[in-house]
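# Quick one, what's the 3D model for this:
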Amino acid sequence: MGNALTFLYGKCCKPTTTDDSLGPHGVSAATVGVSALAHDLFNFEITSQVPEGLGRYVQSSRKAQANWYRKVLEAWKQAKPPPQTADEASRLVTEILKRNQKADVEGLLSFYGLPLPHTLVMPSTEAPVSLPEGILFEFQTLPVDPKAVADGDTITVYVSASEPVVASSVPKEVNLAAVQRSKAREKRNYPKADELHQKIIDSGYRVLNIQNEEVLARKFRIRLRGIDAPESQMPFGKEAQQGLLKIVQWKSLKVLVYGEDQYGRCVGDLYCNGTFVQEEMLKKGLAWHYLAYDKRMVLAKWEKEARKKRIGLWASSNPEKPWDWRKNNRRE
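Numbers count the residues shown, from 1 in each chain. Next up is the predicted model:
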């Protein structure tokens, strides 16, 4: 239990005062508001129960409150280090719950005696943050379904509608259909819910169940930039597809998008838990460096290493290039 409390609490200070300005946890907000929240998050992870008394500060149901704690708990775990000051804790809560009602967010913060959003001093933005040259945008995917890996260089991913790159462009009719579907399911009107979901799917979106929470997400087809894997009907095509599958299945990916190809696919670099996916494919002999469309010499270097070791498709003395195979088959 001590280790779990440490990862939640970080180095939050202990109560050192007994003045009259005490919050609902009976401690000074200036000293242990962060620890009180961390304690309740730890308790929620064990019991799935939100604190008694929170309902006096917020308007939403206990089911909604549990959803808040689930989201904040996950973000708290991922923060390195976890929030150590009241301002840090307040920023984390405000960011994670930014799509919730303002009154509920402020009520939750008040319950722990944490600063309200309008009182926070935001971090300096003197150093502008920009994407590397050539990258149009980036996003984080939801876990990749194994069925979505078409071959060794193409996959289909879904991105949460709350991601910045998606949030501003979700059609109103899709959002409305998602809300109506949720209400239909609450009433056990599953045929109506299925009809609404098909409308969402036809618009390029889908409602996915992620850790028992329904998430509206947009569909993207991704073409891995800089590599060309054997087509499915070619020798080693199945091995290439399985190789990519092993890297990405059920993982969330970071995608850097450089453009769009003639088939409407996003052309991008993929990262999985910090690993550059194209590097893995080339080093394992599962793909060629696609020199005609990507001049990065490091890709050629990784292909050369695999050729030298005669691993993967390079175990064959003269494997057919996928671009040649496509050209020959188009003629036929």
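# From now on I want contacts and neighbour counts done on CA atoms only, so please keep to that.
Noted.
# So which residues of the stretch 51-200 of the chain form strands?
Listed in chain order, the strands of the stretch 51-200 of the chain (DSSP state E, counting those that start in this stretch) span 137-140, 154-160.
# what's the burial count for Ala217?
Using other C-alpha atoms under 10 Å, Ala217 has 25 neighbouring residues.
# Tell me the pLDDT of the nearest residue to Pro51 once chain neighbours are set aside.
The shortest distance from Pro51 to any non-neighbouring residue, by C-alpha to C-alpha, 6 or more residues apart in numbering, is to Asp40 (6.8 Å). With respect to pLDDT, Asp40 scores 90.
# Tell me the secondary structure at Asp40.
helix (DSSP: H, G, I helix; E, B strand; the rest coil).
# Tell me how far it lies from Val72.
Asp40 is 11 Å from Val72, where distance means C-alpha to C-alpha, to the nearest Å.
# the more surrounded of the two?
Set Asp40 next to Val72 and count neighbours by other C-alpha under 10 Å: Val72 wins out with 22 against 17.
# Who are the packing partners of the lengthiest strand in the chain?
For the chain, the longest strand by residue count, based on DSSP state E, is strand 213-224. In this structure, strand 213-224 packs against strand 154-160, strand 205-210, strand 266-272, with contacts taken as 3 or more C-alpha pairs under 8 Å, 6 or more residues apart in numbering; DSSP states H and E.
# Tell me the buried residues in the shortest one?
Taking 16 or more other C-alpha atoms under 10 Å as the basis for neighbour counts, the residues of strand 205-210 that come out buried are 205-207.
# helix or strand for Gln241, which one?
helix 237-248 (DSSP states H and E).
# next helix or strand past that helix?
Per DSSP H and E, helix 237-248 leads on to strand 253-260 as the next helix or strand towards the C-terminus.
# So which residues make contact with that following strand?
Residues outside strand 253-260 that contact it (C-alpha atoms under 8 Å, 6 or more residues apart in numbering) are 134-144, 266-273.
# hang on, the earlier thing: how about JSON lines for the helices and strands packed on strand 213-224, with mean pLDDT added?
As requested, the helices and strands packed on strand 213-224 are arranged in JSON lines below (pLDDT from 0 to 100):
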{"stretch": "strand 154-160", "mean pLDDT": "95"}
{"stretch": "strand 205-210", "mean pLDDT": "92"}
{"stretch": "strand 266-272", "mean pLDDT": "94"}
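# Phe44: which of the ones you listed is closest?
For Phe44, the closest of the helices and strands packed on strand 213-224 is strand 205-210, at 18.8 Å, according to C-alpha to C-alpha.
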